[in-house]
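A.B. asks: what would the 3D arrangement of this be:
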Amino acid sequence: MTKKIVVTGIGATSPLGGTARESWKALLAKESGAHNLEYDWIDEYSIPVTFAAEAKVRPSEVLERPVAKRLDPSSQFALISAMEAWADAGEPDVEPERLGVDYATGIGGVWTLLNAWDTLRERGPRRVLPMTVPMLMPNAASAAVSMHFGARAFARTVASACASSTESIANAYEHLQLGLADVVIAGGTESAIHPITIASFASMQALSKRNDSPETASRPYSIDRDGFVMGEGAASLVLETEEHARARGAHIYAELAGTGVTADSYHITANDPEGRGASRAVELALTQAGASADDVTHINAHATSTPVGDVAEYAALRAVFGDRVSEIPVSATKASTGHLLGGTGALESVFSIYAIAERTAPPTINITTQDPEIPLTVSGDVQDLGQRDQLAISNSFGFGGHNAVAAFRSVS
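C.D. replies: Sure, this is the predicted structure:
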């Protein structure tokens with residue numbers, strides 16, 4: 001028998017705010033998290049893109065120093081958002097063997113890795129920290145979350161580029177359905193605003209180069225879009241079976257109604273221009289949700305603001321929704337937050353949950369002239385979703401051809 005999986009806790013630390021609620025309020029207020037970077041390495045290495053969307057609240061302001069010093073920034077963000085989500089869920093009383101962690105990252109501890117390399121070159125092997133490998137490994141965030149909460153059912157890690165955290169949410173859904181846990185902390189994190197990653201993304205022409213106007217650089221669907229903006233942070237969900245949640249009297253934000261995960265098998269960085277893998281992921285999520293395309297009331301699009309990627313996603317959505325795609329309220333929230341890579345799907349899931357709970361689709365800032373090749377209902381203002389039952393999908397697509405979609409349904 002299929003179990004109903006629900007969201008009982010939400011946490012986030014993002015370029016818009018130090019908590020999920022602060023991030024949501026700033027999103028509705030049309031704020032941008034992007035700004036110029038004030039680091040010596042910008043000039044030292046002649047980095048061509050001089051801005052990004054850093055997390056608004058630094059981990060050092062939240063975590064105690066002995067905890068933070070043993071974690072890469074990506075794991076610090078993960079732990080902060082998970083702590084918020086856990087508290088928001090009412091700190092469920094669950095046996096350690098029935099509590100699991102599904103957590104994701106796209107890159108992992110890149111700061112730890114490259115700082116250690118610098119130390120090795122400049123000061124020798126004896127000065128490399130003994131915790132370097134435990135800090136840089138991609139599963140470090142999942143491990144840190146599981147150890148903090150004593151989760152012993154499992155602690156699993158997904159690394160599927162920008163689809164990573166949505167895929168972790170999909171895995172959590174499956175693990176709860178299989179009865180492997182009663183409660184799962186799921187999400188994703190990234191902290192990769194580093195000269196090597198910025199230089200690399202810039203070299204492949206993936207980043208916006210609007211150094212003179214960081215706040216307006218990310219322009220999903222605009223005809224003059226020129227690339228994405230690097231972001232950082234983390235977001236977490238506490239997921240559990242409805243039976244478990246109601247037995248403990250938990251507040252339920254939404255139902256995680258279904259998920260879909262596919263692969264393009266097309267190109268290491270480019271989307272399938274026809275969006276076939278992406279459209280199948282949407283269809284799988286709707287099928288799992290027992291829903292049809294006509295039931296969808298809101299879409300949080302992947303919408304990175306790249307010239308090719310935005311068009312490919314539209315092709316995928318049109319393949320699923322047909323002419324109705326132009327009627328569904330769409331939000332492209334990376335315009336405000338930048339692109340959190342492995343953490344982006346979890347953050348956009350948080351926004352999707354708030355959207356259906358409050359019947360409000362967040363605005364998409366920085367639209368100048370909407371690309372006529374992408375005739376979606378996207379607005380620079382808040383869109384009212386109405387009082388009907390809501391079903392939102394959140395799309396995430398990543399390098400390597402990874403596609404992951406989560407569908408969330410409102411609860412009465």
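A.B. asks: residue 319: how many residues sit nearby?
C.D. replies: Other residues within reach of residue 319 by the criterion other Cβ atoms under 10 Å amount to 17. Placement of C-beta: from N, CA and C, glycine included.
A.B. asks: give me the contact list for the helix or strand encompassing residue 24.
C.D. replies: Assigned by DSSP states H and E, residue 24 belongs to helix 20-28. With Cβ atoms under 8 Å, 6 or more residues apart in numbering as the contact definition, helix 20-28 has outside contacts at 10-14, 16-17, 33, 56, 81, 84-85, 88, 235, 333, 336-337, 347, 350-351, 354, 360, 362-363, 382.
A.B. asks: sitting in strands, which of the residues you listed do you find?
C.D. replies: 10, 11, 12, 13, 235, 360 (DSSP state E).
A.B. asks: circling back: so which of the contacts of helix 20-28 are in helices?
C.D. replies: Of these, the ones assigned to helices by DSSP state H are 81, 84, 85, 88, 336, 337, 347, 350, 351, 354.
A.B. asks: and the residue nearest to the spatial centre of the chain, how far from residue 104?
C.D. replies: By Cα atoms, centre = their mean, the mean C-alpha position of the chain lies nearest to residue 344, the distance being 2.0 Å. Remark: distance between residue 344 and residue 104 (Cβ to Cβ, to the nearest Å) = 10 Å.
A.B. asks: give the intersection of the neighbour lists for the two.
C.D. replies: With Cβ under 8 Å, 6+ apart, residue 344 and residue 104 have common neighbours 165, 188.
A.B. asks: hey, where'd the helices end up in the chain?
C.D. replies: 20-28, 40-44, 65-68, 73-88, 110-123, 132-136, 140-149, 164-177, 195-203, 242-247, 276-288, 307-321, 334-337, 344-358.
A.B. asks: I'd like these as TSV, with mean pLDDT and distance to residue 395 appended.
C.D. replies: Formatted as TSV, the helices of the chain follow (pLDDT from 0 to 100; distance: least, Cβ to Cβ, whole Å):
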stretch	mean pLDDT	distance to residue 395
helix 20-28	98	17
helix 40-44	96	32
helix 65-68	95	33
helix 73-88	98	21
helix 110-123	97	25
helix 132-136	97	29
helix 140-149	98	23
helix 164-177	98	8
helix 195-203	97	20
helix 242-247	97	25
helix 276-288	97	7
helix 307-321	96	7
helix 334-337	98	11
helix 344-358	98	8
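A.B. asks: how about residue 7, nearest residue that isn't a chain neighbour?
C.D. replies: Distances taken as Cβ to Cβ, 6 or more residues apart in numbering put residue 253 closest to residue 7, at 4.5 Å, once the chain neighbours are dropped.
A.B. asks: that neighbour - how many residues pack around it?
C.D. replies: Neighbour number of residue 253 under other Cβ under 10 Å is 23.
A.B. asks: who's in contact with it?
C.D. replies: Residues in contact with residue 253, defined by Cβ under 8 Å, 6+ apart, are 6, 7, 8, 10, 353, 357, 411.
A.B. asks: picking up where we left off before, between the ones in strands among the contacts of helix 20-28, which sits nearest residue 297?
C.D. replies: Checking the ones in strands among the contacts of helix 20-28 against residue 297 by Cβ to Cβ gives residue 360 as the nearest, at 11.5 Å.
A.B. asks: for residue 412, give its distance to residue 122.
C.D. replies: Relative to residue 122, residue 412 is positioned 61 Å away (Cβ to Cβ).
A.B. asks: and those two? Which one has more around it.
C.D. replies: Counted by other Cβ under 10 Å, residue 412 and residue 122 do not tie: residue 122 has more neighbours, with 8 against 4.
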